[in-house]
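Trainee: next one to model:
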Amino acid sequence: MPRRGEPLRKLGFLTIGRFDAANPAPGLEETLEVITRAEALGFDSVWLRCRHLQPGISSPVAIMAAASQRTSRIELGTAVIPLGLENPFRLAEDLATVDLLSGGRVNPGVSVGTPMLYDHFKEALYPKTHDVEDFSKDRVLRLLRGLRGEPVSDFAGTVGIEQFTDRIQPHSPGLGDRVWYGGGMSSAVWAGEQGINYLTSSVVSIDGTESRDFATIQAQNIDAFRQAFEAQHPRSGRVPRVSQGLVVIPTDSATDAQIARYREYAASRFERTKSPQGLGPNVAGGPAPRGMLFSPDYVGRSDELADQLYEHAGFQRADEVAFALPFTFGEDDYRQIIGDLAENLGPQLGWQPATG
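Mentor: Numbers count the residues shown, from 1 in each chain. So this is what the prediction gives:
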């Protein structure tokens, strides 16, 4: 999975959906056009980043709803929805509604933890309860119960002429099996135990490992996830999914200026890959805890990139990929990168574009 000579099963990419805060509509429309073009190119999936109080996608469920009506086949994922800013009950209703409208194509990736910079907006988010909110994995479990059709109310019956059920409505069968969770070793094991899928990215935690090699740590996490899933769900009949999300930039059809810019971008980020780093300010605005290891960005011709990926221990263990588009590039750059992913790198990895 996939090693040299074995085809990559699914190819996708991850976008932040940038827009101009002073005029956001064109950027939002561009994101929808990117998804439509991705389906035409045969991609299996498009994944949406979620950003709050930033000029990026703050409501991925709304974007997926719009995209579901412009596409017919491509899977629509989130990487990831931070549940600290969500009510799992209401999110389950929204996700199930969009999943039904899309014909069962939604892949909700979620995360937990105290939201970044929480102290600056907690009273606007939770005016009366901001100091007692539970940001643990219990939020994921609440979402799963809703999506899986488990009771969330102690009443079912009739009130006047209105009918009430004790389960989230609408219910979309199978959506609970398409939930994704990411993180380090402990999170990988927990995701496997819960029977959900595992998202990996270009950042890994060094907790629980002696290694300082990114690919090795990612491979260990994936192995731990699969072992936990099989141990907890030996007769489920499901094959858990694992997606890898490195920054991979093919240059086959890029101009010389684009290639120079891409390489400069990767070089500017390389220093952080040499040792474990923090992930930005903590919730109070102070220094972040260390212990996160970043992957280098991959830039080159598709044949070169394929060689590098086939040697990557994490890639060897993934079922599918959702390569991350860099945040700061322009529309023409994204068009070129997405095109080369589908038309050059994908085939180099044995992938075949989806049809129908």
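Trainee: centroid-nearest residue for the chain?
Mentor: Closest residue to the average C-alpha location of the chain: residue 79 at 2.3 Å, with C-alpha atoms, centre = their mean.
Trainee: all strands of the protein, in order?
Mentor: Taking DSSP state E to define them, one finds strands in the chain at 10-15, 45-48, 75-82, 106-111, 157-159, 162-164, 180-182, 197-199, 203-205, 242-244, 248-250, 292-294, 298-300, 320-324.
Trainee: reformat these as TSV; add distance to residue 356.
Mentor: (C-beta placed from N, C-alpha, C; glycine too.) TSV is the format used below for those (distance: least, C-beta to C-beta, whole Å):
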stretch	distance to residue 356
strand 10-15	15
strand 45-48	15
strand 75-82	14
strand 106-111	19
strand 157-159	44
strand 162-164	38
strand 180-182	24
strand 197-199	23
strand 203-205	35
strand 242-244	22
strand 248-250	25
strand 292-294	38
strand 298-300	31
strand 320-324	18
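Trainee: what's the closest of those to residue 332?
Mentor: Among the strands of the chain, strand 248-250 comes nearest to residue 332, with 13.7 Å by C-beta to C-beta.
Trainee: not counting residues beside it along the chain, what's closest to residue 157?
Mentor: residue 164 (6.2 Å; C-beta to C-beta, 6 or more residues apart in numbering).
Trainee: what count of nearby residues applies to the nearest residue to residue 275 once chain neighbours are set aside?
Mentor: Nearest non-adjacent residue to residue 275, counting by C-beta to C-beta, 6+ apart: residue 212, 7.4 Å away. Residues near residue 212, counting by other C-beta atoms under 10 Å, number 12.
Trainee: ok, residue 212 - contacts?
Mentor: 206, 275, 276, 293 (C-beta atoms under 8 Å, 6 or more residues apart in numbering).
Trainee: now do 10 Å
Mentor: 206, 274, 275, 276, 293 (C-beta atoms under 10 Å, 6 or more residues apart in numbering).
Trainee: now the buried members of those residues.
Mentor: Buried subset of the contacts of residue 212 (neighbour count, 16 or more other C-beta atoms under 10 Å): 206, 293.
Trainee: which of the contacts of residue 212 sits closest to residue 192?
Mentor: residue 206 (20.0 Å).
Trainee: distance check, the spatially closest residue to residue 249 that is not a sequence neighbour against residue 343.
Mentor: Distances taken as C-beta to C-beta, 6+ apart place residue 299 nearest to residue 249, at 4.6 Å, with adjacent residues excluded. Between residue 299 and residue 343 the computed distance is 17 Å (C-beta to C-beta, to the nearest Å).
Trainee: which of those two has more neighbours?
Mentor: Taking neighbours as other C-beta under 10 Å, residue 299 and residue 343 compare with residue 299 leading, 20 against 16.
Trainee: I figured that one was touching residue 305, is that so?
Mentor: Yes: contact criterion C-beta atoms under 10 Å: residue 299 and residue 305 qualify, at 8.2 Å.
Trainee: which neighbours do the two share?
Mentor: 248, 249, 250, 251.
Trainee: turn the residues you listed into TSV, columns for pLDDT, neighbour count and distance to residue 95.
Mentor: Formatted as TSV, the shared contacts of residue 299 and residue 305 follow (pLDDT from 0 to 100; neighbours: other C-beta atoms under 10 Å; distance: C-beta to C-beta, whole Å):
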residue	pLDDT	neighbour count	distance to residue 95
248	98	26	28
249	98	28	31
250	98	29	32
251	98	21	37
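Trainee: now tabulate these in TSV and tack on distance to residue 321.
Mentor: Formatted as TSV, the shared contacts of residue 299 and residue 305 follow (distance: C-beta to C-beta, whole Å):
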residue	distance to residue 321
248	8
249	13
250	13
251	18
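Trainee: just the buried positions in stretch 31-40, please.
Mentor: 31, 32, 34, 35, 37, 38, 39.
Trainee: which residue is the nearest non-sequential neighbour of the first one?
Mentor: Which is residue 31. Nearest non-adjacent residue to residue 31, counting by C-beta to C-beta, 6+ apart: residue 17, 4.0 Å away.
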